[in-house]
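Peer 1: here is a sequence with its predicted model. Questions after.
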Amino acid sequence: MKFEFLDIAQKELDDSFDYYEFQQKGLGYRFVYEVKKSMERIDFFPHTWQEITVNTRRCLVRSFPYGVIYKVYDEKIIIVAIANLHRKPNYWKDRLEDKR
């Protein structure tokens, strides 16, 4: 399936990369690698991961306190958030207003 990021989700990924890379050289790249591995798992099993709202699911990112929040449409997956799970829960819900 084709992946598409909401602009704000892409910004979250970029900001998280910058944060981890600042903390330790190479850690930002490890974070992005783990996010990509989560996306591969989503691609293989899009309807397997935890449903958190109607048609919205979350796949956890290994080794980091993040989840990939996504919606599945016919032939594409929309990444709604790269959510820091230590933030206020469901802060991203207002992004779900039919963002195809």
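Peer 2: Here it is on my side, so go on.
Peer 1: how many neighbours does Ser16 have?
Peer 2: 20 (other CB atoms under 10 Å). C-beta: built from backbone N, CA, C; applies to glycine.
Peer 1: helix or strand: which one has it?
Peer 2: helix 7-23 (DSSP states H and E).
Peer 1: run the angle between the helix or strand following that helix and helix 7-23 for me.
Peer 2: Toward the C-terminus, helix 7-23 is succeeded by helix 27-44 as the next helix or strand (DSSP H and E). Orientation check (axes from the mean of the first three to the mean of the last three CA atoms, to 10 degrees): helix 27-44 against helix 7-23 gives 140 degrees.
Peer 1: other SSEs contacting the helix or strand just after helix 27-44?
Peer 2: Once helix 27-44 ends, the next helix or strand along the chain (criterion: DSSP H and E) is strand 50-53. On a contact count with 3 or more CB pairs under 8 Å, 6 or more residues apart in numbering; DSSP states H and E, strand 50-53 meets strand 56-60.
Peer 1: contacts for the strand it packs on?
Peer 2: Outside strand 56-60, the residues within contact range by CB atoms under 8 Å, 6 or more residues apart in numbering are 38-39, 41-42, 46-47, 49-52, 66-72, 80, 83, 85, 96.
Peer 1: next one: stretch 73-87
Peer 2: By CB under 8 Å, 6+ apart, the list of residues contacting stretch 73-87 reads 1-6, 8-10, 12-13, 16, 35, 39, 42-43, 46, 56, 58, 60-61, 65-71, 91-92, 95-96, 99-100.
Peer 1: state the mean pLDDT of it.
Peer 2: The average pLDDT within stretch 73-87 is 93.
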